[in-house]
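J.: pasting the structure only:
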């Protein structure tokens with residue numbers, strides 16, 4: 001199972017809509033030891049790629065290989081044993097947390113289950129429950145919050161020590177606090193694994209693929225062919241956690257472009273609706 005994952009000219013349509021291709025001539029490589037993201041809009045085929053890797057469906061044409069071996073030639077049970085999946089909607093059973101995690105590996109020991117829970121940032125909240133690991137979560141995990149459910153599901157995926165970890169928008173349904181907790185666990189879990197997830201884990205990504213075309217283009221040119229410094233100079237990024245330096249507001253704004261004039265800084269601040277509040281600050285803060 002260890003090795004590069006390659007989609008080679010994959011075409012796929014769901015049986016219910018055979019005339020609508022979800023994937024058309026998709027080519028991509030997820031390198032072993034790297035973290036690869038599938039980035040695209042709803043319906044672009046991200047989750048379909050996960051389903052094909054797990055062999056829930058077979059492509060109409062093309063081949064998916066792991067370490068140059070077609071997954072169609074792999075034993076299905078052994079293939080899925082090596083793959084951990086964390087999806088957008090966590091699935092839990094009406095049994096204990098311990099048993100829910102153990103579903104990932106039937107012969108897992110207590111030590112292995114607790115270690116997986118620690119890796120998933122779940123151990124601490126589990127130990128605060130009245131029955132700890134023996135707490136029954138209810139149908140669909142109704143007794144747990146969304147973030148707690150997702151951490152238990154992540155622990156289930158990690159207990160099998162997967163060669164491949166697939167993250168299918170694993171944090172998109174969570175609020176900010178829970179997303180941060182789960183994301184910290186995903187960051188640790190992803191190191192050394194291949195995986196796919198939503199674009200908010202941008203700090204982890206080393207390769208980008210648009211599942212619709214098999215690549216990301218800028219003016220028709222594959223971004224991997226572009227000078228990376230020039231490319232980044234063309235992009236503006238506003239993330240969930242703003243990063244500011246111990247400098248003036250003007251200097252922080254000027255980081256966006258070297259040799260920026262005062263007029264350009266004021267114009268950018270006006271467009272961002274911050275010029276008025278800056279003008280109300282003491283002079284020492286804004287210069």
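T.: Perfect, thanks for sending it. Keep in mind that what you see is a predicted model, and the values were worked out from it rather than measured. Residues are numbered from 1 along each chain as shown.

J.: Only the buried residues of stretch 251-260, if you could.
T.: 253-254, 260 (16 or more other C-beta atoms under 10 Å). Yep, even glycine has a C-beta here, placed from its N, CA and C like the rest.

J.: quick one: contacts of that stretch?
T.: Identification of contacts with stretch 251-260 by C-beta atoms under 8 Å, 6 or more residues apart in numbering yields 236, 244-245, 264-265, 268-269.

J.: Test my guess that residue 48 contacts residue 12.
T.: Yes - at 6.3 Å, residue 48 and residue 12 qualify as touching, with contact defined as C-beta atoms under 8 Å.

J.: What residues of stretch 63-71 count as buried?
T.: So for stretch 63-71, counting by 16+ other C-beta under 10 Å, buried means 64-66, 71.

J.: Let me fix that, I meant to ask about stretch 31-40.
T.: 32, 34-40.

J.: and those residues, which of them are in helices?
T.: Assignment to helices by DSSP state H places none of the buried residues of stretch 31-40 there.

J.: ok, so of the residues you listed, who is nearest residue 131?
T.: Nearest to residue 131 among those: residue 35, at 36.1 Å, using C-beta to C-beta.

J.: Let's see the pLDDT reported for that closest one.
T.: The model reports residue 35 with a pLDDT of 75.

J.: can you pull out the strands in this protein?
T.: Counting by DSSP state E, the segments of the chain that form strands are 5-12, 23-30, 36-38, 61-66, 69-70, 83-87, 164-168, 207-209, 217-218, 221-222.

J.: Direction included, what does the third one pair against?
T.: Strand 36-38 sits in its sheet next to strand 207-209 (parallel), going by DSSP bridges.

J.: could the buried residues of stretch 63-71 be laid out in CSV, adding pLDDT?
T.: Shown next, in CSV, are those (pLDDT from 0 to 100):
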residue, pLDDT
64, 95
65, 94
66, 90
71, 93
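
J.: from the residues you listed, which two are the most distant?
T.: Greatest spacing in these, by C-beta to C-beta: 64 and 66 (7.7 Å).

J.: Residues in contact with both of the two, list them for me.
T.: 5-6.

J.: hang on, the earlier thing: could you dump the buried residues of stretch 63-71 into JSON lines and include distance to residue 283?
T.: Listed next are those as JSON lines, based on distance: C-beta to C-beta, whole Å:
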{"residue": "64", "distance to residue 283": "62"}
{"residue": "65", "distance to residue 283": "63"}
{"residue": "66", "distance to residue 283": "62"}
{"residue": "71", "distance to residue 283": "64"}
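
J.: nearest to residue 165, of these?
T.: Taking C-beta to C-beta as the measure, residue 165 lies nearest residue 66 of the buried residues of stretch 63-71, at 13.7 Å.

J.: The closest one touches residue 3, doesn't it?
T.: Yes - between residue 66 and residue 3 there is a contact at 5.6 Å, judged by C-beta under 8 Å.

J.: contacting residues around residue 159?
T.: Listed by C-beta under 8 Å, 6+ apart, the contact set of residue 159 reads 101-102, 104-105, 108, 112-113, 116.
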